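Peer 1: generate a structure from the sequence data that follows.
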Amino acid sequence: MLEEKSNSANQPGTNNTNLPVGHTSGWAGPVGAVGIMLLALVAYAPLRWARFIWDDRLWLLHNPVVLHWDKLLMAWINLTQDPQYYPLVFTVFSMEYHLWHLNPIWYHLVNILLQALNGLLLWWLLVRLRIRGAWLAAAIFTIHPVQVETVGWVAEMKNLLSGFLYLLATLAYVRASGLDAPTDPQVALQLPPAQYHWKWYWWATALFVLAMTAKTAGLALPVILLALVWWKRGKIQWQDIRAVVPWVIIAILFAWITIHVERAASGAEGRPWDLTFVQRVLIAGRAWWFYPGKLLWPIPLLEVYRRWNLHTLGGWHWIYPIAAAGVFAAAWLLRRHLGRGFLVMLIIYTLLIGPVLGFISYYTMLYTFVADHYQYLACIALITGFSAGLWQLCQWAGTRAVLVFGVGSAIILVVLTDISYGQSLNYESSAYLWAHVLAYDPDSGEGNLGYGQALNTLGNRFHNKKVLRAAMPYLKKADRALPDNTYVHMGLAQLHQDLHQYRRAKWYWERVLNRVPNQVFAWSEYAWCSQELHEYQQARKAYQRVLLLDPHNLGAAQELAALYLLAGDTQKAQAIYKKVIRLNPAQAHIPLQLPPWLKPHVLATTRPAGAPSHVLGTAQK
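Peer 2: Got it, this is the predicted structure:
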């Protein structure tokens, strides 16, 4: 199925119908590249209206590593500084923030551009490997509806960036190892012994390391490269193994880091992750079949799929892992008839999807075992196999094979583009996105959380208490479905705070900080609640923690100075106020004095209507 195109196609007197659509000679290269770019722009066009969703707030909007240049180094040297150790992603986010601040359209345009570039790189790679149907495979990968979640979710730029680097690393390795050399069809597709170009090899190694700092989804790439060597040459030599040993060491190191961070920073340990080996095998078997199913029938596509009930796993569910093992066995036994390509396709798919099959605990197993963006790289193997198989099937049409293949490809791409366009519309706002989830799964914990938070945001934007109160039932329902979820507690804390229920809000912020002690946003809101409750000593301590984590936090410095002034400690208040002026010299003319809502004789504890969040004073000396 995945066997490469024969070099005899270019020999005089031979039939050129063996050349796959996507061959890059002459004008076909530029036209094919433009085609992939246009498909991406059309399929993801609605994302130009999309906003930030879900955990974009933690990854970008309230992340001091992104907002301040001098904090960026911490993303590289502190493994648990952020929810995951992907320092290259935070570096790119920081560059984006300092270019266009928090305008979502530019972040979405970057994602669309990266997806189109990844499609072009995949096309180039498949052509170099001489795989039939290369252009179709790249086009489907670029605009398939399962990719909308990755492209439309700003925080998932880590998928796109790492995919870009993994594809570049693979291209460089293919060039270094000679896997792109033409073959002689008279020698059963055997390549000559490996002759490594070490300059390209070290370039490939550097790109692989960079890719791992963006996301570790491709940590199995060294083994995948060996599978490609076996596919192309029929055997693996010692030189091939020696070449990937450094990559294996790098992959093991980053795998350990990822597992450590998932437990230490994300909290992926405890009762929801205490699964038996049998349960993990059953989950893995069902997940292994879930992703091909979504590729073939991408309806419906949800941001969050319901977590499978562990109590019902068993019995007939064994058919999933047994069937998966059966497919591998058949591919091995029939390799002389089907070719090695089909088996290699299964190996590559399984290696890339393996880290999220459930054998290793990760945070999102708290509420789901599958997600569309998990198969971002893994789907490449299945899509490539499908495209190559379609090309082979069309050969039955004889001299009309190219026409039949072209018409079939056009129909597939039109249908997929239409579905992707409709799916992209859901990302216009968080309310649309989570309403789509609840339409299919009303009891979804994450769906109720997301929709409740969206209503909270809308209520604040339009100063509508009715909308704020409407958010409460959804967040309460999310709390019942996900009792140990930090994000649910953050949502409830924020909503109670916006409804001026500060005691309840503070209680939820305490629960958040018990699980995520370095969350700057949570400490800031906890401090404000303490301040509103006249618990000024706790508020001071909380603002001090904020400044310890984020020394450039102007609002925290202003509030802390005011609180010291309220306590009568003028010396500390003046010292901190000097820092405020250093952070914002424009405030040098504003005197150090208590804001109205902190003056001792004022009984009301809430800010006056229209008062800014953080002000020390407005009167001139």
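Peer 1: from here on, just use CA atoms for contacts and neighbour counts.
Peer 2: Will do.
Peer 1: quickly list the domain ranges of this structure.
Peer 2: The chain breaks down by automatic domain parsing into domains covering 28-428, 500-621.
Peer 1: start and end of the first one, how far apart?
Peer 2: Using C-alpha to C-alpha, to the nearest Å, the gap from the first to the last residue of domain 28-428 comes to 36 Å.
Peer 1: secondary structure class of residue 52, three-state.
Peer 2: Classification of residue 52 using DSSP: H, G, I helix; E, B strand; the rest coil returns coil.
Peer 1: residues touching it, list them.
Peer 2: For residue 52, the contact set (C-alpha atoms under 8 Å, 6 or more residues apart in numbering) comprises 104, 153, 154, 429, 430.
Peer 1: relative to residue 354, how far out is residue 308?
Peer 2: On the measure of C-alpha to C-alpha, residue 308 and residue 354 end up 18 Å apart.
Peer 1: re the thing from before, let's have the domains of the chain in CSV, adding mean pLDDT and distance to residue 446.
Peer 2: Shown next, in CSV, are these (pLDDT from 0 to 100; distance: least, C-alpha to C-alpha, whole Å):
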stretch, mean pLDDT, distance to residue 446
domain 28-428, 91, 7
domain 500-621, 78, 17
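Peer 1: wait, which of these is closest to residue 485?
Peer 2: domain 28-428 (8.0 Å; C-alpha to C-alpha).
Peer 1: scan this structure for its longest helix.
Peer 2: Ranked by number of residues, the top helix in the chain under DSSP state H is helix 238-264.
Peer 1: closest to residue 459 out of the domains of the chain?
Peer 2: Taking those one by one with C-alpha to C-alpha, domain 500-621 is closest: 13.5 Å.
Peer 1: grab the nearest non-local neighbour of the residue most central in space within the chain.
Peer 2: Nearest residue to the geometric centre of the chain (C-alpha atoms, centre = their mean): residue 156, 2.8 Å. When the adjacent residues along the chain are set aside, residue 156 lies closest to residue 150, with 5.3 Å between them (C-alpha to C-alpha, 6 or more residues apart in numbering).
Peer 1: try residue 380
Peer 2: residue 141 (6.6 Å).
Peer 1: just to revisit the earlier point, buried stuff in the helix or strand just after the longest helix of the chain?
Peer 2: Per DSSP states H and E, helix 238-264 leads on to helix 277-296 as the next helix or strand towards the C-terminus. For helix 277-296, the neighbour count (16 or more other C-alpha atoms under 10 Å) marks 279-288, 291-292, 295 as buried.
Peer 1: how many residues are close by the nearest residue to residue 53 once chain neighbours are set aside?
Peer 2: Leaving aside its chain neighbours, residue 53 sits nearest to residue 430 (5.6 Å; criterion: C-alpha to C-alpha, 6+ apart). Look at residue 430: counted by other C-alpha atoms under 10 Å, it has 22 neighbours.
Peer 1: the one 10 residues further on now?
Peer 2: Residue 440 has 15 neighbours, counted by other C-alpha under 10 Å.
Peer 1: show me what contacts it?
Peer 2: Residue 440 neighbours (C-alpha under 8 Å, 6+ apart): none.
Peer 1: distance of it relative to residue 401?
Peer 2: 41 Å.
Peer 1: now do residue 282
Peer 2: In terms of C-alpha to C-alpha, residue 282 sits 42 Å off from residue 401.
Peer 1: same question, residue 421
Peer 2: Relative to residue 401, and taking C-alpha to C-alpha, residue 421 is found at 30 Å.
Peer 1: which one of the two has more residues nearby?
Peer 2: residue 421 (21 against 17).
Peer 1: who are the contact partners of the residue nearest to the more buried one when sequence neighbours are not counted?
Peer 2: Nearest in space to residue 421, with sequence neighbours left out and distances taken as C-alpha to C-alpha, 6+ apart, is residue 43 at 4.7 Å. Going by C-alpha under 8 Å, 6+ apart, residue 43 touches 143, 417, 418, 420, 421, 424.
Peer 1: burial measure for the residue nearest to residue 380, as a count.
Peer 2: Residue 141: 27 neighbours (other C-alpha under 10 Å).
Peer 1: got it, and residue 55?
Peer 2: By other C-alpha under 10 Å, neighbour count at residue 55 equals 15.
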